[in-house]
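>>> Here is the input, now give the coordinates:
(chains A, B, C and D)
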Protein chains: 2
Amino acid sequence: MKKKINIKTLAAELNLSVATISKAFKDSHEISKATKERVLAMASTLNYTPNPYASSLRKRKSNTIAVILPEVADNFFSLAINGIQAVAEKKGYHVLIYLSHEKFDIEKTIVDDCNSGRVDGVLISITKETKTAEHIQKLQDENIPVVFFDREFEGFKTARVVTNDYECGYLAAKHLIEKGCKKPAFFSISSSLPICIKRADGFKAGLIESGLYSHKKDPIVYFTDFNQEETFNQIKKLVTGKDRPDGVVASVEKLAVILYLVCHEKNIKIPEEIKVIAFSTVDTAPIFNPSLSTITQSAFEIGKAASEILFKGIEKKNYDITNEYVVIPSTFFERKSSQQTSASKEKKIK
Amino acid sequence: MKKKINIKTLAAELNLSVATISKAFKDSHEISKATKERVLAMASTLNYTPNPYASSLRKRKSNTIAVILPEVADNFFSLAINGIQAVAEKKGYHVLIYLSHEKFDIEKTIVDDCNSGRVDGVLISITKETKTAEHIQKLQDENIPVVFFDREFEGFKTARVVTNDYECGYLAAKHLIEKGCKKPAFFSISSSLPICIKRADGFKAGLIESGLYSHKKDPIVYFTDFNQEETFNQIKKLVTGKDRPDGVVASVEKLAVILYLVCHEKNIKIPEEIKVIAFSTVDTAPIFNPSLSTITQSAFEIGKAASEILFKGIEKKNYDITNEYVVIPSTFFERKSSQQTSASKEKKIK
DNA sequence: CTGAAAGCGCTAACAT
DNA sequence: ATGTTAGCGCTTTCAG
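Residues are numbered from 1 along each chain as shown, chains lettered A, B, ... in the order given. Prediction:
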């Protein structure tokens, strides 16, 4: 940041006022074509680039947005970032990426910082720990538009872009049952995240409808604080136990992968002994062993839709986006991992 | 960005000068503990957050860095972002993410913008199209430190963090040969990217050493402009042709995945008929059908190392980072896709 | 069509 | 320990 050449030196060089330079850069109609060209030419030879922060300070506009994510290791968020970036780029906006690492404290710090004028809007997918939206409320109080995407906070009025979680959970349950499962389970990563609750609720509804829901045994299994090894052992125990499920719906990709690993190790056959469906955006699902049935969210589209709404809020100052609610349906890809097998067929007949 | 309350109003509220407030916020020793507390308390009740751009303008320091990537859909870059973010967060820096979409023009525009004082440093992985580093030179001319990571530009003096591409290419070739391959091929995405050239060169060296290199037939196959369907057909043609390879090293994950897809469709057995090894960071490789042998880059570590060097350059103004050259070795995970089979053993004997 | 000047919110000398 | 003040580089009335 040791730039010496600024609008003033440029002006001096051309014997023009700074105002003229500034206007020329905005391609203002007040400036003659000739001077505009002179300005641009000189700017180019002097390697002049306007200081964005001076501009932001003066205009009270940062031309940047913040994206706050729990993590980025997941393929979903990678794709979502692409979608967000695509529209930001078109609008000439800059994108700040923040990672909350599933910690509420970090999320709060980040959100509070966003209240400084650093950004014109924020896209957020909340952490598992987030139990209040006060920090986000403050943002709205300052007229900074906020859009939830994927992981929303329920009961808080703001724009949100999500997928049809409940329906997908329901569909997954029905599919498993149709394929012969008698004791399907749902692997959840959180008991508070709406995204998980909805998926689980839909799943449960599917069981109930088929008369397979028992109050005695909750079909929802929680893996709340995620640790690869621990989760592996937890799943192993469950899957080799006496009351093991014959079908699993994984609320996230990771859990399905670990389940596969366990089954490979313990020689449990998928789909013969256990069928699996995962909520996942992984593009390698078709080459898994066996190929994995997925409920695939349109991650790119979700990111794109979320930022489009955000920009509506940013650009139209008096436009209230807080009622926007977009649902982008996921797609079910049926593959081998949830296929009906002769084993399950027999059971059915018997 | 409609904040009304600023340092001045805060000062007025407390009957203090703006200087005192400013210093209190920096936790300056010039300020008494009592006033510091008063300031912080009032700031909190008034919901005051210092305007970062005013500060940046004055200090000529943005406290933000830029990360320029060709794309983020790849798992490698997701992990790298995590590594970068981890150290930026610790340093109190903000991270701007830019996507060049493999287009040089976009990359240039982004890099030029970085020359405006918007960022204090940049991390970049260049596009396939990048054939000059002039735009990056300009950055260095303005004393903005630049670190290449993963995809570097050769023959340009700046810091870089890469992996041991040549050795890995060599190792992959030797491994394939050891397992019985007679006609291994290398799938490359670029004939200009150092990362690909080095991998391919190492691969070629391995063939030459084993007397399997023929000048008549280049074992390097290029898939330069990436398009899923086209690549699929190109691979299908190659792999079902008469001169088909009996082993493949994929320079990137995607190509291996498509190769798998082709083999599944055409019922070509991996590893019996064709063995495969991929440069990849995908964590699902163990559950592929068959499990995929990978040369896995430490993506997180590469991102982390790159940003650590960058911060050295940012923080120590007179420290020249352009000679920094860090090589973070990749790890080879041998799995089924490159296993020796009775078929290949027989061939060997015969 | 061009210019003068005020000021965005903050920091850093330099007083006091 | 606290205050005064001059900008950082730009945009924007308002004059000419």
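
>>> Which residues of chain A lie near DNA strand D?
Residues of chain A found near DNA strand D (CB under 7 Å from any atom of the strand) are A:3-4, A:6-8, A:18-19, A:21-23, A:25-26, A:50-51, A:54-55, A:57-59. From N, CA and C alone the C-beta is placed, and that goes for glycine too.

>>> quick one: the helices in chain A?
A:7-14, A:18-25, A:33-46, A:52-59, A:75-91, A:104-113, A:134-141, A:165-178, A:194-209, A:228-240, A:253-266, A:299-315, A:342-349 (DSSP state H).

>>> Pull the number of nearby residues for A:Glu230.
Using other CB atoms under 10 Å in any protein chain shown, A:Glu230 is surrounded by 11 other residues.

>>> where does the stretch 151-300 of chain A come near chain B, residue by residue?
A:257, A:260-261, A:264, A:282-284, A:286-291 (CB under 8 Å from any CB of the partner chain).

>>> ok, now how distant is A:Pro329 from DNA strand C?
Distance from A:Pro329 to DNA strand C, counting by CB to the nearest atom of the strand, to the nearest Å: 43 Å.

>>> Same check on A:Pro286?
On the measure of CB to the nearest atom of the strand, A:Pro286 and DNA strand C end up 53 Å apart.

>>> ok, back up a step: just the buried ones among the residues of chain A next to DNA strand D, please.
If you count burial by 16 or more other CB atoms under 10 Å in any protein chain shown, the buried members of the residues of chain A next to DNA strand D come out as A:Lys3, A:Asn6, A:Ile7, A:Ile21, A:Ser22, A:Lys23, A:Phe25, A:Pro50, A:Asn51, A:Ala54, A:Ser55, A:Leu57.

>>> How about the residue of the stretch 151-300 of chain A found nearest DNA strand D: what's its closest non-neighbour residue?
Residue nearest to DNA strand D within the stretch 151-300 of chain A (CB to the nearest atom of the strand): A:Ala159, separated by 26.7 Å. Distances taken as CB to CB, 6 or more residues apart in numbering or on different chains place A:Glu324 nearest to A:Ala159, at 3.9 Å, with adjacent residues excluded.

>>> give me every residue that touches that neighbour.
A:Val147, A:Ala159, A:Arg160, A:Ile309, A:Lys312 (CB atoms under 8 Å, 6 or more residues apart in numbering or on different chains).

>>> Which one of the residues you listed sits in the busiest neighbourhood?
Once you tally neighbours by other CB under 10 Å, A:Val147 ends up highest among the contacts of A:Glu324, having 28 neighbours.

>>> who does that one bridge with?
A:Leu123, A:Ala159 (DSSP bridges).

>>> Please report the distance of it from chain B.
In this view, A:Val147 and chain B are 17 Å apart by CB to the nearest CB, to the nearest Å.

>>> if I look at that residue, how far off is B:Thr284?
30 Å (CB to CB, to the nearest Å).

>>> Next: A:Tyr98.
Separation of A:Tyr98 from B:Thr284 (CB to CB) stands at 27 Å.

>>> Same question for A:Val262.
14 Å.

>>> Check the residues of the stretch 151-300 of chain A next to chain B and tell me the two furthest apart.
The distance between the two most remote of those (CB to CB) is 20.8 Å, for A:His264 and A:Asp283.

>>> Kindly reformat the helices of chain A as a markdown table containing mean pLDDT.
Converted to a markdown table, the helices of chain A look like this (pLDDT from 0 to 100):
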| stretch | mean pLDDT |
| --- | --- |
| helix A:7-14 | 92 |
| helix A:18-25 | 94 |
| helix A:33-46 | 92 |
| helix A:52-59 | 96 |
| helix A:75-91 | 93 |
| helix A:104-113 | 96 |
| helix A:134-141 | 94 |
| helix A:165-178 | 97 |
| helix A:194-209 | 95 |
| helix A:228-240 | 93 |
| helix A:253-266 | 95 |
| helix A:299-315 | 96 |
| helix A:342-349 | 52 |
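
>>> okay if I get the ones you listed as TSV plus distance to B:Ile302?
Output for the helices of chain A, formatted as TSV (distance: least, CB to CB, whole Å):
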stretch	distance to B:Ile302
helix A:7-14	39
helix A:18-25	38
helix A:33-46	35
helix A:52-59	29
helix A:75-91	17
helix A:104-113	23
helix A:134-141	33
helix A:165-178	35
helix A:194-209	31
helix A:228-240	21
helix A:253-266	22
helix A:299-315	24
helix A:342-349	46
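
>>> Can you name the residues in contact with stretch A:136-146?
A:111-112, A:114-115, A:119-124, A:153, A:156, A:158-159, A:310, A:313-314, A:317, A:321-322, B:1-3, B:47.

>>> Kindly state the domain boundaries assigned to chain A.
A:7-50, A:61-163+A:298-319, A:165-296+A:333-338 (automatic domain parsing).

>>> Indicate which one of the ones you listed is closest to B:Phe300.
Across those, closest to B:Phe300 is domain A:61-163+A:298-319 (CB to CB), at 8.8 Å.

>>> Check the offset of the closest one from the chain's centre.
Relative to its chain's centre, domain A:61-163+A:298-319 lies at 9 Å (CA atoms, centre = their mean, to the nearest Å).

>>> and what of stretch A:35-47?
A distance of 42 Å separates the centroid of the chain from that of stretch A:35-47, by CA atoms, centre = their mean.

>>> Buried by neighbour count: which residues of that stretch qualify?
A:Lys36, A:Arg38, A:Val39, A:Met42, A:Ala43.

>>> just stretch A:228-244 next, same as before
Buried-residue list, stretch A:228-244, by 16+ other CB under 10 Å: A:Thr231, A:Gln234, A:Ile235, A:Lys236, A:Leu238, A:Val239.

>>> Span of stretch A:59-72 from start to end?
End-to-end distance of stretch A:59-72 (CA to CA, to the nearest Å): 32 Å.

>>> Stretch A:57-71 too?
The first-to-last residue distance of stretch A:57-71 comes to 31 Å (CA to CA).

>>> circling back to that earlier point, can you list the residues of the stretch 151-300 of chain A next to chain B in TSV and add neighbour count?
Formatted as TSV, these follow (neighbours: other CB atoms under 10 Å in any protein chain shown):
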residue	neighbour count
A:Val257	21
A:Tyr260	24
A:Leu261	17
A:His264	14
A:Val282	22
A:Asp283	17
A:Thr284	24
A:Pro286	17
A:Ile287	24
A:Phe288	24
A:Asn289	18
A:Pro290	20
A:Ser291	20
